[in-house]
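Q: The following block contains a protein sequence and its predicted model.
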Amino acid sequence: LPETGVLKNGTVAALWLLGFIACGVIASLLMIRWRIFFVYLAIFLLGIGIIWAADAWRYSETVIPVYTVGASVIGLFIIELYRRSHRYFITTMRLVLRGGMIMKRERTLRYDKIADIDYSQGIGGRIFRYGNIIPVTQSGFGLGSDTAFAAGGAEVTTKKRFGFFGLAGGGKEVQTPRARTYYELHGVHPFKEVKALIEKMVQESTLAPYQREQVELQREMVDLLRGKMKDENDDAGE
């Protein structure tokens with residue numbers, strides 16, 4: 001880094017800002033919440049304000065790492081509180097998903113409206129038996145998209161200083177299961193047991209009405225036959 005005071009301080013602040021911007025953008029894209037980026041930006045501005053007010057620029061190489069580690073520890077604590085704010089209720093008729101710290105959100109989803117279910121587990125999830133479950137409805141609720149875009153341009157200048165500029169680009173979009181944490185079963189444990197239970201409930205609810213009637217009729221017939229056989233055995237014993 002340059003040894004001149006103002007330039008050195010500006011370089012340190014710029015590198016610090018770039019680190020916060022990169023982390024904020026990545027976290028916002030993964031969580032589909034751009035307010036996370038502004039939280040990172042606010043943490044950076046607060047740190048700059050504290051250093052400026054305390055006139056601690058000469059100690060910036062020590063203050064900035066300490067402040068960053070402290071903010072990270074507090075952030076981990078807040079993330080854990082946010083994770084614990086999620087609640088899931090698996091009833092006989094529907095799923096109830098609830099979550100949020102400041103603003104509570106709730107989603108009720110009937111099993112017969114679920115068209116597909118997405119399951120995901122990271123390395124830690126496979127070790128500690130937890131994972132995420134995203135129910136996708138027939139209307140497409142629970143689906144997101146991944147978009148890739150590329151563009152290129154060229155400029156040609158003639159001897160008479162006339163310029164021509166061209167730009168071309170293209171992109172692709174892929175539909176993928178994605179939802180906010182309070183609209184999915186986030187971090188469920190034990191993962192395999194919950195997965196099997198939800199699949200069972202969805203399978204039972206997707207039976208057509210006439211199939212359900214047939215199953216009920218067959219059960220009634222079996223019960224009648226068992227009762228008749230029991231009566232015949234009792235008569236034979238007498």
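A: Structure received. Residues are numbered from 1 along each chain as shown.
Q: quick check: domain ranges of the protein?
A: Domain assignment of the chain by automatic domain parsing yields the ranges 5-84, 87-143+176-205, 208-238.
Q: Local confidence estimate at Val66?
A: pLDDT, Val66: 88.
Q: Residues contacting whichever helix or strand it is part of, please?
A: Element membership for Val66, per DSSP states H and E: helix 60-84. The contact list for helix 60-84, computed with Cβ atoms under 8 Å, 6 or more residues apart in numbering, reads 9, 12-13, 16, 43, 47, 50-51, 56, 101, 181, 186-187. In short, each C-beta sits where N, CA and C put it, glycine included.
Q: And for stretch 12-25?
A: Outside stretch 12-25, the residues within contact range by Cβ under 8 Å, 6+ apart are 1, 36-41, 43-44, 47-48, 60-61, 64, 68.
Q: Need the max-distance pair from these.
A: Using Cβ to Cβ, the contacts of stretch 12-25 reach their maximum pairwise distance at Leu1 and Ile36, which is 29.5 Å.
Q: So if I had to pick from these two, which one is more boxed in?
A: The neighbour comparison of Leu1 against Ile36 (other Cβ atoms under 10 Å) goes to Ile36, with 18 against 11.
Q: quick one: that one is in a strand?
A: No - assigned with DSSP: H, G, I helix; E, B strand; the rest coil, Ile36 falls outside any strand and is helix.
Q: Show the model's pLDDT score for it.
A: On the pLDDT scale, Ile36 is placed at 83.
Q: Over to Ile74?
A: Confidence at Ile74, expressed as pLDDT, is 91.
Q: same check, this time on Glu193
A: Taking Glu193 on its own, its pLDDT is 92.
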